[in-house]
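# here is my input; please provide its structure:
(one chain, ligands or ions: 1)
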Amino acid sequence: MKIGYLQYDPQFGDLIKNREHMAAQLEKAQADIVVLPELATSGYFFSGKEEVEKLSETVPGPSTDMFLQLAQKTGTNFIFGMPEKTKKGFYNSAVLITPEGIGGVYRKVHLFFHEKDYFLSGESFPLFEIKGVKVGILVCFDHMFAEAARTLAIKGAQVICHPSNLVLPEYGQLTTRVRALENRVFWILANRFGTETKGKKQLTYTGESQIVNPGGEIIHKAPAKEEELYITEIAPEEALDKNVTELNNIFEDRKPRLYLP
Ligand code: ACM
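Numbering: from 1, shown residues only. The predicted structure is shown next:
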């Protein structure tokens, strides 16, 4: 299976330019799964709910249409972040687009900082299947919660796709290796880079997207401040082996009755 990511620097508020940029970079991306950053269509640093309202889209909508065209042209499945407008409110979502259509939506469960002011929390960790391989999605700050990745792994996820806009230096690059190791799964961290400014406030995103194997080893890491499309071949069946030694299986050795909810 060929998996990869596009690390890029979305321009805040420019839905059309961002769509055009992603389409141009991805039109030759032939893989089974390519992951893009969190809020890849809109940028991240909203100053309030009005901006979220202006930049969010429905699913389906113009951005999912653009990715569907790309998926049909390339045969690739894409997972990208976007602010999603629903009847209930707004979500920080990641959408799976397959060549057949919309494969599903994951809505970020663990909201970071001021996201709490304008997004609703997602309520589940759905599992998807791509070419016979079980795939889970987490968005950015979800990485700080071991239970989120563990839930997906127990459901059977072999690959965890992780659209991100990481700002805390090294946090996500470290936890994603640990989460991959402790669950014995592949991990695609698709981060953004660049800086967004609102008045006197700035957010700088850490780049260094990475693909990690079930041993927690980095297969490839992007630079901190450059765009990169990277695709590599993995053997997803490696993630089915949960044995750490002949006598230790990380799932069978768990003691859930001793753990707090
Ligand atoms: C984050 O969750 N975007 C840090």
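# what does the protein put close to the ligand?
For the chain, the residues in contact with the ligand (C-beta under 6 Å from any ligand atom) are 38, 112, 140-141, 165-167. Bear in mind the C-beta positions are built from the backbone N, C-alpha and C, glycine included.
# closest one of these to residue 173?
residue 166 (7.7 Å; C-beta to C-beta).
# tell me which element that closest one falls in.
Per DSSP states H and E, residue 166 falls between elements, in no helix or strand.
# so what's it up against?
Applying C-beta atoms under 8 Å, 6 or more residues apart in numbering, we find residue 166 in contact with 140, 172-173, 191, 205-206.
# ditto for residue 38
Residue 38 sits next to 44, 81, 92, 94, 108, 139-140, 163-165, 192 when contact means C-beta under 8 Å, 6+ apart.
# kindly recompute the last result at 7 Å.
Going by C-beta atoms under 7 Å, 6 or more residues apart in numbering, residue 38 touches 44, 81, 92, 139-140, 163-165.
# am I right that it is in a strand?
No: per DSSP: H, G, I helix; E, B strand; the rest coil, residue 38 lies outside any strand segment and is coil.
# now it: closest residue in space that isn't a chain neighbour?
residue 81 (3.8 Å; C-beta to C-beta, 6 or more residues apart in numbering).
# ditto for residue 14
Residue nearest to residue 14 in three dimensions, not counting chain neighbours: residue 43, with 7.8 Å by C-beta to C-beta, 6+ apart.
# next one: the one you found from residue 10, what distance?
Separation of residue 43 from residue 10 (C-beta to C-beta, to the nearest Å) stands at 5 Å.
# neighbour count for those two, which is higher?
A count of neighbours by other C-beta atoms under 10 Å puts residue 10 above the other of residue 43 and residue 10, at 27 against 24.
# can you give me the pLDDT of the more buried one?
Model confidence at residue 10, given as pLDDT, is 98.
# same question, residue 112
For residue 112, the predicted pLDDT is 98.
# what helices or strands is the helix or strand residue 179 falls within leaning on?
Taking DSSP H and E as the criterion, residue 179 maps to helix 171-183. The elements that helix 171-183 packs onto, with contact taken as 3 or more C-beta pairs under 7 Å, 6 or more residues apart in numbering; DSSP states H and E, are helix 146-155, strand 186-190, strand 210-212.
# give me that answer again for 8 Å
helix 146-155, strand 159-163, strand 186-190, strand 210-212 (3 or more C-beta pairs under 8 Å, 6 or more residues apart in numbering; DSSP states H and E).
# mean neighbour count for those - can I get that in CSV?
Listed next are those as CSV, based on neighbours: other C-beta atoms under 10 Å:
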stretch, mean neighbour count
helix 146-155, 18
strand 159-163, 29
strand 186-190, 29
strand 210-212, 25
